[in-house]
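Novice: let me see the structure of the following:
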Amino acid sequence: MKKKVVVSVVSAALVLGGAIAGTLAWLTDETDPVVNTFTVGNVDITLDETTKDYKMVPGYTIAKDPTVTVEAGSEDCYLFVKVEESTNFDDFMTYEMADVWTALTGVDGVYYRIVQSDEAAQNFAVLKDNQVTVSGDVTKAQLDALTDDDYPTLTFTAYAIQQYETNGTAFDPAEAWAQVNP
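Specialist: Numbering: from 1, shown residues only. Next comes the predicted model:
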């Protein structure tokens, strides 16, 4: 009998405890989820030129406007321009690089600059005053002797690479060039 009374009391206590616990309100809270979407960083460049007619006349300047554009939203980067002259170019013409370019030490014909990220496209002229100059010493006989196979040429190629190797550690210009050097 005692056992029945104890079981009855315990059962009643459990029922009463469940009823009380069921009526209690607990303070709770929950956050909205935070979704982390990882997009792709990019360095995007173009090289354009609008001038097309390059007739050599001794002593004249010729409009030549190669322009490198770092597209909007590109990451901080090193921007390089490689200038290649035909073997006879210096016999006929000269040019100067625009002031925004620095010659890469130890590499002939390669120039660079650092470009910071921007929401707008950034344009950089390659040649000072967008021109080349024909030497005043060039003669008609020299010009007449040229053929399609040996006209002087000037070739530009642009390259870009992210400025930072890792967070906060920037490439130096030579290291950056070594990464893009074809």
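Novice: which element is A174 on?
Specialist: Assigned by DSSP states H and E, A174 belongs to helix 173-180.
Novice: would you map the strands across this structure?
Specialist: Secondary structure of the chain, counting by DSSP state E: strands at 45-48, 61-63, 67-70, 77-85, 93-94, 102-103, 110-115, 122-125, 131-134, 154-162, 164-166, 169-170.
Novice: the residue nearest the centre of the chain: what's it in contact with?
Specialist: In the chain, the residue lying closest to the centroid (CA atoms, centre = their mean) is V43, at 2.8 Å. Counting by CB atoms under 8 Å, 6 or more residues apart in numbering, V43 touches 70, 74-75, 77, 160-162. Using the backbone N, CA and C atoms, a C-beta is placed for each residue, glycine as well.
Novice: do you know how far it is from D76?
Specialist: Computed with CB to CB, to the nearest Å, the distance linking V43 and D76 is 9 Å.
Novice: mutual contacts of the two, please.
Specialist: Common contacts of V43 and D76 (CB under 8 Å, 6+ apart): Q162.
Novice: tell me how far N167 lies from D76.
Specialist: Distance from N167 to D76, counting by CB to CB: 12 Å.
Novice: neighbour-wise, which of the two wins?
Specialist: More neighbours sit around D76 than around the other of N167 and D76, counting by other CB atoms under 10 Å; the figures are 16 against 5.
Novice: skipping adjacent residues, who's closest to that one in space?
Specialist: Of all residues not flanking D76 in the chain, Q163 sits nearest, at 4.1 Å (CB to CB, 6 or more residues apart in numbering).
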